[in-house]
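Novice: Coordinates for the following, if possible.
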Amino acid sequence: MKVKIIGVKYCGGCNPTIDRVGIVSQIQKMLPRGFTLTSDTNAAPWETGIMMCGCIAACIDKPEIRNLTRSWIIVAGNNVDMLGVSEKAIAKTIVERIKSLL
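Specialist: Residues are numbered from 1 along each chain as shown. Reported below is the predicted structural model:
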């Protein structure tokens with residue numbers, strides 16, 4: 001079985017309103033078998049990517065980041081792809097989104 005690689009890009013963390021690292025850890029635990037997360041840009045292009053931004057500024061949403069994969073799930077504070085989500089539900093929402101994309 002080929003492992004599906006999901007890339008993760010973190011913002012600089014200057015103004016986080018969520019626990020970015022904790023959420024990514026939850027996502028890794030919730031992903032089905034055959035999926036893995038990486039922040040290694042040498043493994044790009046990834047199957048999909050997660051921009052893990054701690055606040056609504058989403059400062060890493062730039063062309064050079066976008067070019068690492070064809071589709072992105074963008075977390076910007078308590079928003080996942082521009083939809084408000086409680087911090088407790090962010091990981092679950094992202095895993096569901098990954099399953100729907102792949």
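
Novice: all helices for this protein, in order.
Specialist: 20-30, 63-66, 90-101 (DSSP state H).

Novice: What is the first one packed up against?
Specialist: Pointing back at helix 20-30 there. If you count contacts as 3 or more C-beta pairs under 8 Å, 6 or more residues apart in numbering; DSSP states H and E, helix 20-30 packs onto strand 35-38, strand 48-53, helix 90-101. Where you see a C-beta, it was placed from the backbone N, CA and C, and this is true even at glycine.

Novice: Let's test this: mean pLDDT of stretch 49-68, rounded?
Specialist: The pLDDT scores in stretch 49-68 average 95.

Novice: circling back: of all the helices and strands packed on helix 20-30, which lies closest to residue 63?
Specialist: strand 48-53 (12.8 Å; C-beta to C-beta).

Novice: which residues of this protein score low on pLDDT?
Specialist: In the prediction, the chain carries no residues with pLDDT under 70.

Novice: Pick out the residue closest to the middle of it.
Specialist: residue 50 (2.1 Å; C-alpha atoms, centre = their mean).

Novice: For that residue, give me its contacts.
Specialist: For residue 50, the contacting residues are 6, 7, 8, 9, 24, 27, 37, 72, 73, 74, 75, 94, by C-beta atoms under 8 Å, 6 or more residues apart in numbering.

Novice: Could you check how far the fourth one is from residue 2?
Specialist: Distance of residue 9 to residue 2, computed by C-beta to C-beta, to the nearest Å: 22 Å.
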